[in-house]
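Chemist: Fold the following, please.
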Amino acid sequence: MTARLTAFSGPARGLKAYIRHELNTSVHGSGGLRLKERYAEPPGDPGLFGPGAVTWRVHSDAPGMLMGGFASLMLQALHPLAMAGVDQHSDFRTDPLTRLNRTAAYVLSTTFGSKDVAEAAVAHVRDRVHPHIKGTAPDGRTYSAEDPHLLTWVHVAEVRCFLAGYERFGAPPLTPAERDQYYREVAVPARMLGARDVPESAAEVAQYFHDIRPELQATEAAIEGIHFIRGFGANPRERAAVRVLMNGASALLPDWAREPLQLGRPDAVRLLIDRPLAQAAGRALRWALEPSEVVGTAYARMGLTPPPQHRDWRTAPGSSHG
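Modeler: Numbers count the residues shown, from 1 in each chain. You can find the predicted model right below:
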């Protein structure tokens with residue numbers, strides 16, 4: 001028995017290393033990950049948050065962040081002007097994972113990077129990317145990625161889904177006070193980017209969604225984009241994996257967001273099929289990606305060891321945010 005386990009451990013370690021390398025290269029680029037330069041220095045620099053922040057805990061959970069990231073793309077698509085910007089100024093339809101990778105790199109830099117790294121990431125998006133994203137939506141309204149109102153929408157939709165992903169897959173569970181602390185913390189880089197009137201508690205986020213819902217609409221571009229992502233993949237195996245992740249991500253959305261995006265599924269299907277498959281995918285992601293090199297390097301910068309992430313997947317509760 002021991003010999004069989006030993007024989008298996010070698011290929012398993014190789015597979016894990018391959019998956020980590022592919023994902024890290026996808027997010028950080030093929031020209032060297034530069035983890036030491038980006039996340040290890042200078043020693044003692046907490047960045048925008050630091051290891052005591054709830055944001056470090058939430059954003060270090062690989063399954064929650066990946067499925068929360070997919071969920072945020074879907075939720076953000078419900079604003080016609082935000083979706084017009086994505087549709088007209090990105091390769092979303094042909095390569096949706098590139099957008100997700102860019103978002104992941106930005107979140108990692110602003111969360112776990114030093115103060116200089118975080119500020120540089122914000123400045124790059126604010127000063128070099130967003131000024132070029134402007135145009136006219138199909139309904140005739142003009143839009144701009146520098147619009148504080150749209151920046152707030154994109155931010156709130158994103159962090160709400162990250163938090164929902166952590167609450168579904170991460171551990172230990174957050175208290176109500178910690179949820180509020182998370183929203184207060186992540187409001188800082190949002191304001192640096194140009195967002196205004198950013199909600200800073202779970203109650204304020206719920207009120208924000210209530211107030212903005214009259215502006216939301218599932219446009220043709222939004223529905224087509226989501227359908228494209230659900231079928232994305234180079235082969236049947238990749239397409240099946242994306243479908244599992246998308247079904248898990250759609251379960252993180254507010255109930256009112258699923259129907260207009262044509263993501264409704266019977267409760268029995270979600271409970272008996274989607275959730276177990278998402279939990280299995282989450283276990284695989286945690287095995288392959290944790291402990292994260294980025295997270296470990298950031299904690300080492302502060303002279304600390306990252307705390308273990310764990311959760312009994314069989315009893316993990318669902319979550320409801322907004």
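
Chemist: C-alpha from now on. contacts and neighbour counts both.
Modeler: Noted.

Chemist: element containing Tyr143?
Modeler: strand 142-144 (DSSP states H and E).

Chemist: Can you give me the buried ones in that strand?
Modeler: Tyr143, Ser144 (16 or more other Cα atoms under 10 Å).

Chemist: Determine how far that strand lies from the middle of the whole chain.
Modeler: Distance of strand 142-144 from its chain centroid, counting by Cα atoms, centre = their mean, to the nearest Å, is 25 Å.

Chemist: Partner strands of that strand, with direction?
Modeler: Sheet pairing of strand 142-144 (DSSP bridges) gives strand 134-136 (antiparallel).

Chemist: contacts for the strand holding Tyr143?
Modeler: Where contact means Cα atoms under 8 Å, 6 or more residues apart in numbering, the residues beyond strand 142-144 that reach it are Leu81, Ala82, Gly85, His130, Pro131, Ile133, Lys134, Gly135, Thr136, Ala137.

Chemist: Equivalent analysis for stretch 119-136, please.
Modeler: Residues contacting stretch 119-136 (Cα under 8 Å, 6+ apart): 84-85, 89, 106, 109-110, 142-146, 189, 192-194.

Chemist: Please pick the buried ones from these.
Modeler: Neighbour counting by 16+ other Cα under 10 Å classes Ala84, Gly85, Tyr106, Ser109, Thr110, Tyr143, Ser144, Ala145, Glu146, Pro189, Leu193, Gly194 among the contacts of stretch 119-136 as buried.

Chemist: Can you tell me which of those residues is closest to Val117?
Modeler: Of all the buried ones among the contacts of stretch 119-136, Val117 sits closest to Ser109, with 6.3 Å by Cα to Cα.

Chemist: any idea which of the contacts of stretch 119-136 is closest to Gly233?
Modeler: Checking the contacts of stretch 119-136 against Gly233 by Cα to Cα gives His89 as the nearest, at 21.9 Å.

Chemist: which residues touch the closest residue to Gly113 other than its chain neighbours?
Modeler: Distances taken as Cα to Cα, 6 or more residues apart in numbering put Tyr39 closest to Gly113, at 4.9 Å, once the chain neighbours are dropped. Taking Cα under 8 Å, 6+ apart, we find Tyr39 in contact with Ser109, Phe112, Gly113, Ser114, Val294, Thr297, Ala298, Arg301.

Chemist: returning to what we had before: which of the buried ones among the contacts of stretch 119-136 fall in strands?
Modeler: Tyr143, Ser144 (DSSP state E).

Chemist: Narrow the buried ones among the contacts of stretch 119-136 to those in helices?
Modeler: Applying DSSP state H to the buried ones among the contacts of stretch 119-136, the entries found in helices are Ala84, Gly85, Tyr106, Ser109, Thr110, Pro189, Leu193.

Chemist: May I see the buried residues of the strand or helix carrying His227?
Modeler: Assessed by DSSP H and E, His227 sits inside helix 220-230. Buried residues in helix 220-230, counted by 16+ other Cα under 10 Å: Ala221, Ala222, Ile223, Gly225, Ile226, Phe228, Ile229, Arg230.

Chemist: model confidence over the strand holding Tyr143, on average?
Modeler: For strand 142-144, mean pLDDT is 98.

Chemist: likewise stretch 200-211?
Modeler: When pLDDT is averaged along stretch 200-211, the result is 99.

Chemist: Also stretch 108-128?
Modeler: pLDDT averaged over stretch 108-128 gives 97.

Chemist: Compute the first-to-last residue distance for it.
Modeler: End-to-end distance for stretch 108-128: 19 Å, by Cα to Cα, to the nearest Å.

Chemist: Run a quick neighbour tally on Val54.
Modeler: 20 (other Cα atoms under 10 Å).

Chemist: err, Pro291, not the other one
Modeler: For Pro291, using other Cα under 10 Å, the count is 17.

Chemist: so it, which of the three states?
Modeler: Secondary structure assignment for Pro291 (DSSP: H, G, I helix; E, B strand; the rest coil): coil.

Chemist: separation between it and Asp127?
Modeler: 33 Å.

Chemist: Show me what counts as buried in stretch 91-99.
Modeler: Here stretch 91-99 shows Phe92, Arg93, Pro96, Leu97 as buried, counting by 16+ other Cα under 10 Å.

Chemist: Return the helix or strand Ile212 falls within as CSV; C-alpha atoms alone will do.
Modeler: Counting by DSSP H and E, the element that carries Ile212 is helix 202-212. Output in CSV follows, covering the C-alpha atoms of helix 202-212 (Å, rounded to 0.1, in the frame of the first residue of the first chain):
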residue,chain,number,x,y,z
ALA,A,202,-23.2,44.6,3.8
ALA,A,203,-26.3,46.7,4.5
GLU,A,204,-25.0,49.5,2.2
VAL,A,205,-24.3,47.0,-0.5
ALA,A,206,-27.8,45.6,-0.3
GLN,A,207,-29.2,49.1,-0.5
TYR,A,208,-26.9,49.9,-3.4
PHE,A,209,-28.3,46.9,-5.4
HIS,A,210,-31.8,47.9,-4.6
ASP,A,211,-31.3,51.4,-5.8
ILE,A,212,-29.4,50.5,-9.0
